[in-house]
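A.B. asks: Next input, structure requested:
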Amino acid sequence: MDHDKQRLSIEAARLYYVSEYSQMEIASRLGVSRPTVSRLLQYAKEQGYVSIQISDPLDNLNELGLLLKQKYELDTAVVCYSPVNEYREIQKHISKAAADFLNETVQDTDIIGVTWGRTMHAVALQLQQKQVRGVEVVQLKGGISHSHINTYAAETVNLFAAAYHTIARYLPLPVIFDSIAAKEMVEEDRHIHRIIELGKQANIAIFTVGTVNDDALLFQLGYFNEEEKLLLQSKGIGDICSRLFDAQGNLCSEEINNRTVGIDLHDLCEKEQSILVAGGERKIEAIRGALVGKFANTLVTDQFTAQALL
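C.D. replies: I've put the predicted structure just below:
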């Protein structure tokens, strides 16, 4: 009798869990009642013939976040789910995750330093309105170029300011000057100096990372001649706030860095919240270099990028 029950319960389990028959269909096939099928399936589970495992993608995301925190000594790692490993899809999901993180993080009197670029614009579009007092929003680097390429610099900082019911503080300058002398002269202006200082005082900085590929936004803006571009591509792997660094997080060129307007990389390391929002296969090396350089204490990324970084 027990042998027959064992055989029937295993057969019922195969039909139900593997072949996806309904309990009524199984009853008809085995020549028993539907309640008997239900009891057979329960018996199969109790005897260990059937093992049910639930794979929750959120559990895996949390685990990836913990591993990233440990490996790169981060305060926070937010890993969001992207259905496919495709840059535009990833950008959509990490920008929403970053906007949600900011909504939880920003409090009264915070100073938020903001950069520009496609990812930062995507974050800005996802921001929720939050009733806070005394918040300031400041550009962390110059946002003007003579190129026809849109950096979304003004629109991004305006959207951030609107979300937190404040006014935007702009750096109405090119991000990289042709000469160190010209850059230093401009920085002596009282208004410009005040904006740069406000960026240094920001307790929250949010930024992305660029690559040194030919299609990188920074290269498209026309700041570099061909010789400079080749130098940066041979030594560097990415940029943050238009300051280019190598795989160890070291600057690629002191001369170019000294022509750059905006926050220094070492100042990012001192922030209470230094939030890097980045993902996608083409950015993995740049993200890794940024984390090795300790420019961010918070990372917002996707599960594909997280796995590659680990």
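
A.B. asks: Low-confidence regions, this structure specifically.
C.D. replies: Applying pLDDT under 70 to the chain flags residues 1, 53-59, 145-149.

A.B. asks: which helix in it runs the most residues?
C.D. replies: In the chain, assigned by DSSP state H, the helix with the most residues is helix 87-105.

A.B. asks: which outside residues touch that helix?
C.D. replies: Residues from elsewhere that reach helix 87-105 (CB atoms under 8 Å, 6 or more residues apart in numbering): 76, 78, 80-83, 112, 118-119, 122-123, 125-128, 130, 204, 206, 273, 275, 277-282, 298, 300-302, 304-305. Placement of C-beta: from N, CA and C, glycine included.

A.B. asks: Can you give me the first-to-last residue distance of stretch 201-221?
C.D. replies: End-to-end distance of stretch 201-221: 28 Å, with CA to CA, to the nearest Å as the criterion.

A.B. asks: so how far is that stretch from its chain's centroid?
C.D. replies: With CA atoms, centre = their mean, to the nearest Å as the basis, stretch 201-221 stands 13 Å off its chain's centre.

A.B. asks: buried set for that stretch?
C.D. replies: 202, 204-212, 216-219, 221 (16 or more other CB atoms under 10 Å).

A.B. asks: State the helix or strand in which T301 lies.
C.D. replies: Assigned by DSSP states H and E, T301 belongs to strand 298-302.

A.B. asks: export the helix or strand that comes right after that strand as PDB, just CAs?
C.D. replies: Heading C-terminal from strand 298-302, the first helix or strand you meet, by DSSP H and E, is helix 303-309. Provided in PDB are the C-alpha atoms of helix 303-309 (Å, rounded to 0.1, in the frame of the first residue of the first chain):
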ATOM      1  CA  GLN A 303      23.200  43.600 -11.000                       C
ATOM      2  CA  PHE A 304      25.100  43.000 -14.200                       C
ATOM      3  CA  THR A 305      27.700  45.700 -13.400                       C
ATOM      4  CA  ALA A 306      27.800  44.600  -9.800                       C
ATOM      5  CA  GLN A 307      28.700  41.100 -10.800                       C
ATOM      6  CA  ALA A 308      31.400  42.300 -13.100                       C
ATOM      7  CA  LEU A 309      32.900  44.500 -10.400                       C
END
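
A.B. asks: And the contacts of helix 303-309?
C.D. replies: By CB under 8 Å, 6+ apart, helix 303-309 touches 57, 60-61, 64-65, 67-68, 71-72, 77, 79-82, 85, 90, 278-281, 283-284, 287-288, 291, 301.

A.B. asks: and if you look at stretch 155-164?
C.D. replies: In contact with stretch 155-164 (CB under 8 Å, 6+ apart) are residues 106, 112, 114, 116, 120-121, 124-125, 127-130, 132, 135, 137-139, 143, 167-170.

A.B. asks: cutoff 7 Å now
C.D. replies: 106, 112, 114, 116, 120-121, 124-125, 127-130, 132, 135, 137, 139, 167-168, 170 (CB atoms under 7 Å, 6 or more residues apart in numbering).

A.B. asks: Ok, stretch 275-290 next?
C.D. replies: By CB under 7 Å, 6+ apart, stretch 275-290 touches 85, 87, 90, 94-95, 98, 119, 123, 205-211, 213, 237-238, 240, 245-247, 249, 296, 298-302, 305, 308-309.

A.B. asks: Of those residues, which count as buried by neighbour count?
C.D. replies: 85, 87, 90, 94-95, 98, 119, 123, 205-211, 237-238, 240, 245-246, 249, 296, 298-302, 305, 308-309.

A.B. asks: re earlier: got a PyMOL select line for the buried ones in the contacts of stretch 155-164?
C.D. replies: Typed into PyMOL, the line below selects the buried ones among the contacts of stretch 155-164, using 16+ other CB under 10 Å:
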select buried, resi 106+112+114+116+120+121+124+127+135+137+139+168+170
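
A.B. asks: Sitting in helices, which of the contacts of stretch 155-164 do you find?
C.D. replies: Filtering the contacts of stretch 155-164 for helices - DSSP H - leaves 120-121, 124-125.

A.B. asks: I275 should be in a helix, yeah?
C.D. replies: No: counting by DSSP: H, G, I helix; E, B strand; the rest coil, I275 falls outside a helix, being strand.
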